[in-house]
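Give me a 3D structure for the following:
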Amino acid sequence: MSAIPEPPKPLTPAEVEATISAFSAADWKRAEHIAASFCGGLTGWMPMDLLQETLTSLVAGTRSWPGGLHPLVVLKTAMRSVASNTRKHNKASPIDENVVVEPFEAEEADKTPVAHGQATVTPEDEVSGKQQMAAVYAALGGDQELEYLVMVWADGLRGAEAREALGWDAKKYDAARNRLLRRLAALDPDRRPK
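Next up, the predicted model:
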C-alpha cells in the first residue's frame, strides 16, 4: 500500500505578501487577463476589482493559499471562487442596473445614499413604437392630407401654427383633424380622450 501524502500547509499572511511582492510585471499582466476572463457577467465589476478583492482575501487569510502551488494557479482558483460567489449573490439578490445611486446628494446628517431612477428604452419599447407607427400609417389609408397632418403634428405644431405650415384654411384643417382623430380612435378604442 502506498502512503497518502499530506496536503501542503497553507502559507502564512507574511509568506503570502512575500509571494505577491515577488510577482513580475508579466505575472501581473497574466493575473489581470485571468481576472478579465472571470469578470464576464459580474455586474459592476472590473477585472482589477476582482483581482483586488481576491488579493485582499488571500492576504487577510480569509482564503487560504496552499503551499507548493504556482502563485498564478492559486490566484486563478481564488478569483474563480470569488467570481462564482458574487454571481450567486447577484442571482439571489439582483442589482437593478437602471437605478443610479448618487451618495453625494445626501444631506450632511443623512449618510444613506439616494437612489434615482433612470429612464431607459428597451428593445421591446422600440419594437412597440415601430408597430404603433406602422398601425397609424396603415390607418391613414393613403390619405395624403392626413399624412401631412401627422407629419406636422410630429414636428410639434398644433392649431394655427400647423394650419400655417400646411397652407390650409381653418375649415380644411378642422376636417382633416377630425378625420384623423376618428381613425386614431378606431385604432385604440380604450384610449381616453384628453
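
buried set for whatever helix or strand residue 173 lives in?
If you go by DSSP states H and E, residue 173 is part of helix 170-187. Using 16 or more other CB atoms under 10 Å as the test for burial, helix 170-187 gives 173, 176-177, 180, 183-184. From N, CA and C alone the C-beta is placed, and that goes for glycine too.

Residue 145: which of those residues is nearest?
Of all those, residue 145 sits closest to residue 176, with 4.9 Å by CB to CB.

hang on, isn't the closest one packed against residue 169?
No: at 11.0 Å, residue 176 does not count as touching residue 169 under the criterion of CB atoms under 8 Å.

quick one: average confidence on stretch 91-98?
Regarding stretch 91-98, the rounded mean pLDDT is 69.

And for stretch 42-58?
Mean predicted lDDT for stretch 42-58 stands at 90.

outside of it, which residues touch it?
Residues outside stretch 42-58 that contact it (CB atoms under 8 Å, 6 or more residues apart in numbering) are 16, 20, 31-32, 35-36, 38-39, 63, 65, 74-75, 78-79, 82-83, 86-87, 90, 95, 97.

do stretch 121-136 as well
By CB under 8 Å, 6+ apart, the residues outside stretch 121-136 that reach it are 150, 184, 187.

Kindly recompute the last result at 7 Å.
Contact with stretch 121-136 is made by 150, 187, as judged by CB atoms under 7 Å, 6 or more residues apart in numbering.

just stretch 160-175 next, same as before
So stretch 160-175 is contacted by 148, 152-153, 157 (CB under 7 Å, 6+ apart).

tell me the domain ranges of this structure?
13-92, 123-185 (automatic domain parsing).

Next, format the ones you listed as a markdown table and append distance to residue 4.
Below are the domains of the chain laid out as a markdown table (distance: least, CB to CB, whole Å):
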| stretch | distance to residue 4 |
| --- | --- |
| domain 13-92 | 16 |
| domain 123-185 | 57 |
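
Specify the stretch among these that is closest to residue 7.
Judging the domains of the chain by CB to CB, what sits closest to residue 7 is domain 13-92, at 7.2 Å.

Any idea how far that closest one is from the middle of the chain?
25 Å (CA atoms, centre = their mean, to the nearest Å).

Likewise for stretch 131-141?
That offset, for stretch 131-141, works out to 32 Å (CA atoms, centre = their mean).

how about that stretch: buried residues?
So stretch 131-141, judged by 16+ other CB under 10 Å, has buried residues 136, 139-140.

what do you get for stretch 78-90?
78-79, 82-83, 86-87.

Which of these lies at the shortest distance from residue 11?
residue 78 (12.4 Å).

Report pLDDT for residue 143.
With respect to pLDDT, residue 143 has a value of 87.

now do residue 34
Predicted confidence (pLDDT) at residue 34: the value is 93.

Equivalent analysis for residue 124, please.
Reported pLDDT for residue 124: 83.

now do the one 10 residues further on
With respect to pLDDT, residue 134 has a value of 85.

send the alpha carbons of the helix or strand where it lies over as PDB?
Assessed by DSSP H and E, residue 134 sits inside helix 123-140. Included here for helix 123-140 are C-alpha records, laid out as PDB according to Å, rounded to 0.1, in the frame of the first residue of the first chain:
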ATOM      1  CA  PRO A 123     -35.700  46.800 -27.300                       C
ATOM      2  CA  GLU A 124     -39.300  45.900 -26.600                       C
ATOM      3  CA  ASP A 125     -40.200  49.600 -26.300                       C
ATOM      4  CA  GLU A 126     -38.600  50.200 -29.700                       C
ATOM      5  CA  VAL A 127     -40.500  47.400 -31.400                       C
ATOM      6  CA  SER A 128     -43.700  48.500 -29.800                       C
ATOM      7  CA  GLY A 129     -43.200  52.100 -31.000                       C
ATOM      8  CA  LYS A 130     -42.400  50.900 -34.600                       C
ATOM      9  CA  GLN A 131     -45.500  48.700 -34.500                       C
ATOM     10  CA  GLN A 132     -47.700  51.600 -33.400                       C
ATOM     11  CA  MET A 133     -46.300  53.900 -36.100                       C
ATOM     12  CA  ALA A 134     -47.000  51.200 -38.700                       C
ATOM     13  CA  ALA A 135     -50.500  50.900 -37.400                       C
ATOM     14  CA  VAL A 136     -51.000  54.600 -37.600                       C
ATOM     15  CA  TYR A 137     -49.800  54.900 -41.100                       C
ATOM     16  CA  ALA A 138     -51.900  51.900 -42.100                       C
ATOM     17  CA  ALA A 139     -55.000  53.600 -40.600                       C
ATOM     18  CA  LEU A 140     -54.300  56.700 -42.700                       C
END
